[in-house]
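>>> Turn this into a structure:
(chains A and B)
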Amino acid sequence: MIRVRDLQVTFGEGKHTVKAVRGLSFQVDKGESFGIVGESGSGKSTVLRALSGLNPNWTGEVEIEGRQQAVRRDKPFYKLVQMVFQDPYGSLHPRHTIDRILAEPVAIHRLGDAERRIERVLDEVGLGTGFRFRYPHQLSGGQRQRVAIARALILEPRILLLDEPTSALDVSIQAEVLNLLVRLRRERGLTYILVSHNLAVVAHMCERLAVMNHGRLVEELSAEQLKAATPAESYTRQLLTASLGYDRAAIDQFEDFVAEA
Amino acid sequence: MAEDPLLTIEDLRVDFETTKGIVQAVRGVSFQVGREKLGIVGESGSGKSVTGRAILGLVPPPGRVAAKRLDFEGTDLLSADNRQMREIRGRRISMVMQDPKFSLNPVMKVGHQVAEAYRTHARVASGEAKRRAIEMLAAVRIRDPERVFEAYPHEVSGGMGQRVMIAMMLIPDPDLLIADEPTSALDVTVQLQILAILDDLVSERGMGLIFISHDLNLVASFCDRVMIMYAGQVMEILDARDLNQAKHPYTRGLLSCLPKIDGGHNDLAVLKRDPAWLEAKP
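This is a model prediction of the structure:
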């Protein structure tokens, strides 16, 4: 279980301070898939980076599987929580083979038996062992994202943090990767937090979601409420309308939702 | 087919000679555009952007463009020399690219860039060009056009930058605008607001618009006609309102692999690519 209370993340100092996340609280149950939706600058990715330990400038409480998390995380934390990033072109070492990319986390955590683990995880993400000694540049975007997922899974984590995992991919490849993520969660009982700007992806992948704007939680709602188009907040309703495609009349009704001080 | 077409393309081919052989980016594409909104949709590598660039003679070397016909209102764009192309580019056909960060000159005030676009094609004094540029910035619904005129590109947001680009491309009053993923880098609400501006200007001025995008649903809701490209070929061209009755298996595959807000949590359909789609049109 993940419990976040009054999370605040700031960047910069003095008059250049930017409050990226301004007091966010939510809870994700074990085995649940939770979505965070927002436009650029809403702070959604920053939340994920603070949860994963990549961002040290946060205050508040983060409790994961019953343990309060400090700013610095220990090794068992990374065995439990892994992250998949947006850009599969930037997140894999260009001069390491897939084998070396996957062997590294196994070595760091002294899990042993790297050979068998690498073969198994490559099969699981649908690549097969034929990809083992290739380099990232020899792979397509979708294949690279499968490698990034394999690298996260090889430690057998309980929680996956997914930061826009398919937004750099073509829609036909997106479908394959989303299906893979759904299957892995079902088979392994994983907990997901999925960050995306795409409402349809979140509605497909998650049971519950949080909508963020300017670092604050706008509202929390179920995928059913989203499907029934009954969000409570006008910000969410506008986002929903905009996601449905071009509608000349609706656009004239759009409001600016500016940041509160 | 468009009545009274602005642009007629027949059998357009673009090849890139690389060290590993010839890459055929566009393989025999034919279509017409009138004073309407035509959407070109395809996945990455489908040749949609190269098609747009080929129209304006902007395919970079080693690309080679060939066509049976590439006709813009009686001018053959393939045989036009550089001087003729300069007359056409901007003045008659203009193009908006994806990311304003890379299309605007970073060391020149945005207003001056818009005014320059006007003065390149019209003999007017600088004061008149400035007045027109500010008018145009207001037309793309920039609230404070005098202030934005004096701003540098890094001082404006992505959505504002794209409005500036559209102002710059529309100020010479072209007949045809090619927009290559003009809003893909923007948030969805800003994206729609920019499209509304384009939509209004295109219909007010009776222009033609070629809208290139990877987003099938967006194109179908925005354009009059949609052309679906795959591997450098046209799979089908249809009226946007008939998209749900699309016949080609590729179009149907693209539609069904999209997650939907009101869909279930079931597995998404996966696109099965059929080599026969390409063999049908050698």
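>>> all contacts plus neighbour counts: C-alpha atoms, from now on.
Will do.
>>> Residue B:167: how many residues sit nearby?
29 (other C-alpha atoms under 10 Å in any protein chain shown).
>>> which SS class is the residue nearest the centre of chain A?
Nearest to the mean C-alpha position of chain A, counting by C-alpha atoms, centre = their mean, stands residue A:162 at 2.0 Å. Here residue A:162 is strand, with the state taken from DSSP: H, G, I helix; E, B strand; the rest coil.
>>> what about it, distance to residue A:145?
11 Å (C-alpha to C-alpha, to the nearest Å).
>>> For chain B, see how far away residue A:125 is.
15 Å (C-alpha to the nearest C-alpha, to the nearest Å).
>>> Count residues in the vicinity of that residue, would you?
21.
>>> Mind listing what's buried along stretch A:136-145?
By 16 or more other C-alpha atoms under 10 Å in any protein chain shown, the buried positions in stretch A:136-145 come out as A:136, A:141, A:142, A:143, A:144, A:145.
>>> What lies in contact with stretch B:101-117?
Residues outside stretch B:101-117 that contact it (C-alpha atoms under 8 Å, 6 or more residues apart in numbering or on different chains): B:90, B:97, B:126, B:129-130, B:132-134, B:148-154, B:158, B:161, B:164-165, B:167-169, B:171-172.
>>> Kindly recompute the last result at 7 Å.
Contact with stretch B:101-117 is made by B:129-130, B:133, B:148-154, B:167-168, B:172, as judged by C-alpha atoms under 7 Å, 6 or more residues apart in numbering or on different chains.
>>> low-scoring stretches of chain B, by residue?
B:1-3, B:279-282 (pLDDT under 70).
>>> can you give me the helices for it?
Taking DSSP state H to define them, one finds helices in chain B at B:48-55, B:82-88, B:100-103, B:110-121, B:126-139, B:145-149, B:158-170, B:188-205, B:216-222, B:249-256, B:276-279.
>>> gap between the residue sitting nearest the centre point of chain B and chain A?
The residue lying closest to the centre of chain B (C-alpha atoms, centre = their mean) is residue B:179, at 2.3 Å. Using C-alpha to the nearest C-alpha, residue B:179 is found at 16 Å from chain A.
>>> My read is that that residue contacts residue B:202, right?
No: counting by C-alpha atoms under 7 Å, residue B:179 stays clear of residue B:202, with 11.9 Å between them.
>>> which residues in the stretch 151-261 of chain A form helices?
A:171-188, A:199-205, A:223-227, A:234-243, A:248-251 (DSSP state H, counting those that start in this stretch).
>>> Show me which residues of chain B are close to chain A?
For chain B, the contact set with chain A under C-alpha under 7 Å from any C-alpha of the partner chain comprises B:43-44, B:187-189, B:192-193, B:196, B:217-218, B:221-222, B:254, B:257-265, B:267-268, B:270-271.
>>> Greatest separation within the contacts of stretch B:101-117: which pair is it?
Farthest pair in these (C-alpha to C-alpha) is B:154 and B:172. Separation: 24.5 Å.
>>> ok, the two, which is more surrounded?
Set side by side, residue B:154 and residue B:172 show more neighbours around residue B:172, with 21 against 15, by other C-alpha under 10 Å.
>>> Quick one: low-confidence residue ranges for the stretch 101-250 of chain A.
Scanning the stretch 101-250 of chain A for pLDDT under 70 picks out nothing.
>>> need the residues of the stretch 151-261 of chain A near chain B, please.
The interface of the stretch 151-261 of chain A toward chain B, taken as C-alpha under 7 Å from any C-alpha, is made up of A:170-172, A:175-176, A:179, A:199-201, A:203-205, A:227, A:239, A:242-243, A:245-246, A:248, A:251.
>>> If we use 8 Å, what do you get?
Counting by C-alpha under 8 Å from any C-alpha of the partner chain, the residues of the stretch 151-261 of chain A lying close to chain B are A:170-172, A:175-176, A:178-179, A:182, A:199-201, A:203-205, A:226-228, A:238-239, A:242-243, A:245-248, A:251, A:254.
>>> Disregarding flanking residues, what is the spatial nearest neighbour of residue A:242?
Among residues not flanking residue A:242 along the chain, residue B:189 sits closest, at 5.7 Å (C-alpha to C-alpha, 6 or more residues apart in numbering or on different chains).
>>> dump the residue contacts of the one you found.
By C-alpha under 8 Å, 6+ apart, the contact list for residue B:189 reads A:238, A:239, A:242, A:254.
>>> Of those, which is the nearest to chain B?
The nearest member of the contacts of residue B:189 to chain B, counting by C-alpha to the nearest C-alpha, is residue A:242 at 5.7 Å.
>>> mind checking how far the closest residue to residue A:56 other than its chain neighbours is from chain B?
In space, and not counting its chain neighbours, residue A:56 is closest to residue A:71: 5.6 Å by C-alpha to C-alpha, 6+ apart. For residue A:71, the distance to chain B (C-alpha to the nearest C-alpha) stands at 32 Å.
>>> and residue A:71, what helix or strand is that in?
Using DSSP states H and E, no element contains residue A:71; it sits outside every helix and strand.
>>> neighbours around whatever residue of the stretch 51-200 of chain A ends up closest to chain B, how many?
Residue of the stretch 51-200 of chain A nearest chain B, by C-alpha to the nearest C-alpha: residue A:200 (4.4 Å). Residue A:200 has 21 neighbours, counted by other C-alpha under 10 Å.
>>> can you tell me which residues contact the residue nearest to it when sequence neighbours are not counted?
Of all residues not flanking residue A:200 in the chain, residue B:261 sits nearest, at 4.4 Å (C-alpha to C-alpha, 6+ apart). Neighbour list for residue B:261: A:199, A:200, A:201, A:203, A:204, A:226, A:227 [criterion: C-alpha under 8 Å, 6+ apart].
>>> go again using 6 Å as the cut-off
Counting by C-alpha atoms under 6 Å, 6 or more residues apart in numbering or on different chains, residue B:261 touches A:200, A:203, A:227.
>>> Please pick the buried ones from the contacts of residue B:189.
Neighbour counting over these (16+ other C-alpha under 10 Å) leaves A:238, A:239, A:242, A:254 as the buried ones.
>>> Just give the nearest non-adjacent residue to the last one, would you?
The spatially closest residue to residue A:254, leaving aside those adjacent along the chain, is residue A:238, at 6.9 Å (C-alpha to C-alpha, 6+ apart).
>>> ok, the one you found to residue A:34 distance?
Counting by C-alpha to C-alpha - residue A:238 and residue A:34 are separated by 21 Å.
>>> Show me chain B divided up by domain.
Following automatic domain parsing, one finds the domains of chain B at B:7-92+B:175-279, B:101-173.
>>> just so I know, which of those domains lies nearest residue A:187?
Closest among these, using C-alpha to C-alpha: domain B:7-92+B:175-279, at 14.2 Å.
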